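> only geometry, no sequence info:
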Ligand SMILES: Nc1ncnc2c1ncn2[C@@H]1O[C@H](COP(=O)(O)OP(=O)(O)O)[C@@H](O)[C@H]1O
Ligand SMILES: Nc1ccn([C@H]2C[C@H](O)[C@@H](COP(=O)(O)OP(=O)(O)O)O2)c(=O)n1
């Protein structure tokens, strides 16, 4: 029996409690595409997520951050002390039973500062894990999990389902949280955050009490969850998904595929500037370290056997080494608008 050494963030949710061990069920979805699909791939810090989010926001499209799903799964696997070299099947089952969802708050995206600082909230089983999945320990641990073929099969299938609006609905926003369901869900999320703290502090009496309360609230939420939402009404008008294998595998039939390139040193400088914006100077790595990390991740992303980082034959290459972020966003938006006209979407 698998005993979680560290239990954090929603592992007692009804979805997660269902069964940890059955063989993963992989669902495939119809290839009739109803919304306009944009696939963006490229190496780390090439500007994928910032550009994809801004363009999606300008066009009223849904933004799907596939890397966040690999990061989220890594968070769960680490919490259960699972080892990708020994526990691939359990991690795969975990992937298939996790509900991944995103919410990108709408901001005036013509303001570049908003494009730079906007965040997409990432939910695992309704729990907001936006900050946790960006922790350095997750960045270091994600590659071996993202390299597991069975995990990729499940997550790629989920990415297609989210693109088609069949999965990935975020929990109700706090502002509109006036239903009983939303109130209980919010309370559960708060308790799960408290569980994360209690677990990391080793307060095991508190951990047990919180787990019991979370289980009760989880059961209540499962009963009260809205069940009559028509999947048809959730099909987005368009989606922008970014990652490493979106054009080559996940959305092979995307209307537009873009591959971002940028010189490794330029990418390292951008990543360092981002870290400077986010954290205090004392904890900052130097440029050489960031560059080495980027090059190591490039190598593992490009050389893994399944779903490697690859340009699709029909992808448009945008090298942003000498482009400002504004130019990169505008170039991408222009490409999307042109392709929408050509394909009769606009
Ligand atoms: N063309 C650009 N010029 C300057 N900064 C950029 C450019 N593209 C991205 N950035 C910045 O570089 C950092 C990494 O970009 P990000 O979108 O997170 O990359 P990725 O999703 O490919 O890892 C972010 O801080 C972003 O604001
Ligand atoms: N479609 C994808 C997306 C990300 N991955 C892997 C590659 C990265 O090591 C991790 C995290 O991806 P993410 O895009 O969040 O990482 P960076 O923003 O580039 O630091 O997941 C993948 O294998 N396939």
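Everything's here; your move. Fair warning: this is a prediction, and the values are worked out from it, not measured in the lab. Ligands and ions are numbered 1, 2, ... in the order given.
> tell me the contacts of residue 276?
By Cβ atoms under 8 Å, 6 or more residues apart in numbering, the contact list for residue 276 reads residue 284. Heads up, the C-betas are built off the backbone N, CA and C, glycines and all.
> Quick check on the residue of the stretch 101-250 of the chain at minimum distance from ligand 2: phi, psi?
At 2.5 Å from ligand 2, residue 243 is the closest residue in the stretch 101-250 of the chain, using Cβ to the nearest ligand atom. Main-chain torsions, residue 243, degrees, to the nearest 10: phi 170, psi -140.
> Count the residues that sit near the residue lying closest to it once chain neighbours are set aside.
Using Cβ to Cβ, 6 or more residues apart in numbering and skipping the chain neighbours, the partner closest in space to residue 243 is residue 66 (3.6 Å). Using other Cβ atoms under 10 Å, residue 66 has 28 other residues around it.
> So residue 66 sits against residue 158, correct?
No: checked against Cβ atoms under 8 Å, the pair residue 66 and residue 158 is beyond contact range at 9.3 Å.
> Please identify which helix or strand holds residue 270.
Using DSSP states H and E, residue 270 sits in helix 264-278.
> average pLDDT across the helix or strand that contains residue 160?
In this structure, residue 160 sits in helix 149-163 according to DSSP H and E. The pLDDT scores in helix 149-163 average 97.
> what packs against that helix?
Where contact means 3 or more Cβ pairs under 8 Å, 6 or more residues apart in numbering; DSSP states H and E, helix 149-163 is packed against strand 62-65, helix 66-79, helix 88-97, strand 100-103, strand 238-243.
> what comes up buried for the third one?
Applying a neighbour-count criterion of 16 or more other Cβ atoms under 10 Å, the buried positions in helix 88-97 are 88, 90-97.
> between that helix and helix 149-163, how many degrees?
Here the directions of helix 88-97 and helix 149-163 differ by 10 degrees (axes from the mean of the first three to the mean of the last three Cα atoms, to 10 degrees).
> touching ligand 2 at all, helix 88-97?
No: for helix 88-97, no contact with ligand 2 is found by Cβ under 6 Å from any ligand atom; the gap never falls below 12.7 Å.
> any idea how far residue 305 is from the residue of the stretch 1-150 of the chain found nearest ligand 1?
When scored by Cβ to the nearest ligand atom, the stretch 1-150 of the chain has residue 47 as its residue closest to ligand 1, at 2.8 Å. Distance, residue 47 to residue 305, by Cβ to Cβ, to the nearest Å: 27 Å.
> of these two, who's got more company?
residue 47 (23 against 7).
> hang on, the more buried one packs against residue 261?
No: using Cβ under 8 Å, residue 47 is not in contact with residue 261, being 10.0 Å away.
> so what sits against both of the two?
residue 320.
> Surely residue 250 and residue 244 touch.
No: applying Cβ under 8 Å, one finds residue 250 not in contact with residue 244, separated by 9.5 Å.
> shared neighbours of the two, anything?
Shared contacts of residue 250 and residue 244 (Cβ under 8 Å, 6+ apart): residue 66.
> Residue 152 reaches residue 307, doesn't it?
Yes: with contact defined as Cβ under 8 Å, residue 152 and residue 307 form a contacting pair (4.9 Å).
> Can you work out which residues contact both of these two?
Here residue 152 and residue 307 have 146, 245 as joint contacts, going by Cβ under 8 Å, 6+ apart.
> Would you mind measuring from the residue nearest to the spatial centre of the chain to residue 302?
The centre of the chain sits closest to residue 68, judged by Cα atoms, centre = their mean, with a distance of 2.4 Å. As defined by Cβ to Cβ, residue 68 lies at a distance of 20 Å from residue 302.
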